[in-house]
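Using only what follows, build the 3D model:
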Amino acid sequence: MNPFKIGSSIPVLKMLDEEKTRRFYMDFLGYKIDWEHRFEPVSSNSPLYMQIRSGESVLHLNGHADSDAPVTEVRIPVKELKAYCDYLREKSQGSERPEVVDPRYSGENQDMNIYDPSGNLLVFWLDKGDLSA
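Model (predicted):
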């Protein structure tokens with residue numbers, strides 16, 4: 001038996017526009033801010049680095065990233081994915097219409113793919129197990 005235990009990963013996503021990112025993650029997806037950090041005061045246009053959370057999903061958003069930084073794909077398990085999709089569709093405006101799809105042609109819709117304002121791909125996937133939140 002190993003004397004160590006590896007915990008959950010925390011993906012770091014590039015954040016190119018702070019205002020759009022806040023609206024997307026907090027107002028649209030329903031994440032909450034755990035903490036924020038800037039090296040200088042806001043008035044100096046110092047980039048923001050922050051941690052956000054929704055249930056057990058924890059993400060870091062990095063305002064220090066350049067526009068040519070690679071985009072990230074993050075897979076996020078969701079129990080009752082259809083209900084979360086319906087919740088987002090009620091908040092959607094214009095062309096933002098999340099949809100649960102069947103990407104593996106398994107006969108069951110089990111993924112909802114959404115791009116954030118910086119081009120990162122969030123794949124919310126149907127978790128049939130017991131998610132504690």
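
alpha carbons only for contacts and neighbour counts from here, please
Will do.

Quick one: the strands in the chain, in order.
All strands of the chain, identified by DSSP state E, fall at 12-14, 32-37, 49-54, 57-62, 73-78, 111-115, 121-126.

and the first one, which strands flank it?
In other words, strand 12-14. On the basis of DSSP bridges, the sheet neighbours of strand 12-14 come out as strand 57-62 (parallel).

Okay, Gly119 and Gly7: tell me how far apart.
27 Å (CA to CA, to the nearest Å).

Of the two, which one has the most company?
Neighbour count, other CA atoms under 10 Å: between Gly119 and Gly7, Gly119 has more, with 17 against 6.

Let me see the contact set for the more buried one.
Shown in contact with Gly119 (CA atoms under 8 Å, 6 or more residues apart in numbering): Val71, Thr72.

And Leu13, by the same measure?
By CA under 8 Å, 6+ apart, Leu13 lies in contact with Leu59, His60, Leu61, Asn62, Val71, Thr72, Asn120.

So for the closest residue to Arg75 other than its chain neighbours, what's the pLDDT?
Nearest in space to Arg75, with sequence neighbours left out and distances taken as CA to CA, 6 or more residues apart in numbering, is Val123 at 4.7 Å. For Val123, the model assigns a pLDDT of 96.

go on, the one 10 residues further on?
According to the per-residue confidence, Ala133 scores 38 in pLDDT.

Met15: neighbouring residues, count only.
29.

Quick check: the gap between it and Val101.
Taken as CA to CA, the span from Met15 to Val101 is 26 Å.

ok, now Tyr115?
As judged by CA to CA, Tyr115 and Val101 stand 15 Å apart.

Repeat that for Gly7.
Noted for Gly7: a distance of 30 Å to Val101, by CA to CA.

just Lys32 next, same as before
Separation of Lys32 from Val101 (CA to CA): 26 Å.
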